[in-house]
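1. Need a 3D model of the following:
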Amino acid sequence: MNNVEAINTIDTVNAMNNPVVGQGLLPAWNDAVHDAQTVFRSLLKALSEPGSIQRLSVQLQAPAPLHLATAAACLALMDFETSTWLAPDLDNEAVRAYLRFHCGLPLVTDKTLANFVVLNAPLQNLDLQEYAQGSMTYPDKSATLLIQVDDLENGPENLITGPGIKESGNFRVAGLPADFVSRWQQNNLGFPQGVDIIFCCRDALLGLPRTSRIEKKDNACTSQ
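-> Take a look at the predicted model:
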């Protein structure tokens, strides 16, 4: 039996033994191996080229209110070894069943202990310091935030610079708090500790690793 057959067999057994199957649980990938690899490559590209919009080509049914990109990122990144915290407006039985069944992940109630945090815009407040920051010895133990937004291109205009960005680019994610830029600058100060963010919008992703710097455009113009 090859790896693909093994995955399909495990999924079939899980489906037979899981009481929520047949009661509205949505399927995951059409092609488990190919789709997961495609989305994972898009996530890597989003984080290695911060500010660039990556559109996903996979077909996926996401449980409301998750967007396709949010559900795809969860499926590609999360498993039984990663803990996840869901914002209250995303935390419902359909989403919980979907993530538990397809990812096998533990959902936690303490956001400070989560490897992944899933949030939904518009956000009135976003304290990046309240999520796992990692340590100087193990900076990889910090949290990755998946923030679901309605627009990646028409929010307030800011400049983004840093590794993976040629000179500078535009950062125009909508639905973030008015003080997001200053909050993100605080996140930069803790490097190599700090959180990373993946913005999810319908079928698109935009990465913001802790190495990226954001500055309001009017401030950047004044300083030049």
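2. Phi and psi next, for the closest residue in space to residue 76 that isn't next to it in sequence.
-> Counting by Cβ to Cβ, 6 or more residues apart in numbering, residue 39 is the residue found nearest to residue 76 once chain neighbours are left out, at 4.2 Å. The way it works is simple: take the backbone N, C-alpha and C, and place the C-beta from them, glycine included. Main-chain dihedrals, residue 39, degrees, to the nearest 10: phi -70, psi -40.
3. pretty sure residue 39 contacts residue 57?
-> No: look at residue 39 against residue 57 with Cβ atoms under 8 Å: they stay out of range, at 9.1 Å.
4. hey, where'd the helices end up in the protein?
-> 3-17, 32-48, 68-77, 93-103, 180-189, 217-223 (DSSP state H).
5. quick revisit: and residue 39 and residue 57? which has more neighbours close in?
-> Neighbour totals were compared for residue 39 and residue 57, and residue 39 leads with 25 against 9 (other Cβ atoms under 10 Å).
6. where's that one relative to residue 67, distance?
-> 13 Å (Cβ to Cβ, to the nearest Å).
7. give me the number of residues near residue 164?
-> 19.
8. what sits against it?
-> 48-50, 209, 211-212 (Cβ atoms under 8 Å, 6 or more residues apart in numbering).
9. what residue ranges in the protein are flagged as low confidence?
-> 1-23, 219-224 (pLDDT under 70).
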